[in-house]
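Undergrad: Model the structure of this input:
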Amino acid sequence: MKKLSLTVAAFAVAFAATAPAQNLTAEQRAACQGDYSRYCKGVKPGGGRIIACLNKQGDKVSEACRKVLAGQ
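TA: Numbering: from 1, shown residues only. Take a look at the predicted model:
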């Protein structure tokens with residue numbers, strides 16, 4: 001359970017650190033959390049790298065996450 005909490009916290013920090021123009025709501029972060037864990041877990045946060053990684057996954061990411069990414 002503690003590992004899951006740390007993963008969620010790391011994900012939130014990673015998305016929050018991408019760029020000021022990319023302020024995501026909790027719902028938006030939650031929409032991409034599973035995709036982040038699955039495809040981009042090793043990506044260093046900052047500079048839009050996580051968003052770029054998720055975008056590179058194309059149709060692999062969930063539809064909810066694709067909607068979030070389309071708004072970026």
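
Undergrad: Can you pull out the low-pLDDT segments for the protein?
TA: Applying pLDDT under 70 to the chain flags residues 1-22.

Undergrad: May I have the residues that are in contact with A31?
TA: 62, 64-65, 67-68 (C-beta atoms under 8 Å, 6 or more residues apart in numbering). Bear in mind the C-beta positions are built from the backbone N, C-alpha and C, glycine included.

Undergrad: Flag every buried residue along stretch 57-65.
TA: For stretch 57-65, the neighbour count (16 or more other C-beta atoms under 10 Å) marks 57, 61, 65 as buried.

Undergrad: same deal with stretch 39-51?
TA: Neighbour-count burial for stretch 39-51, counted by 16+ other C-beta under 10 Å, picks out 39-40, 45, 50-51.

Undergrad: Next step: those residues restricted to helices.
TA: 39, 50-51 (DSSP state H).

Undergrad: With distance to A30 added, can I get these in TSV?
TA: Formatted as TSV, those follow (distance: C-beta to C-beta, whole Å):
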residue	distance to A30
Y39	16
I50	14
I51	15
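
Undergrad: Which of those residues sits closest to L24?
TA: Closest approach to L24 among those (C-beta to C-beta): I51, at 9.2 Å.

Undergrad: Make sure the closest one is actually in contact with G71.
TA: No - I51 lies out of contact with G71 (C-beta atoms under 8 Å); the separation is 10.8 Å.
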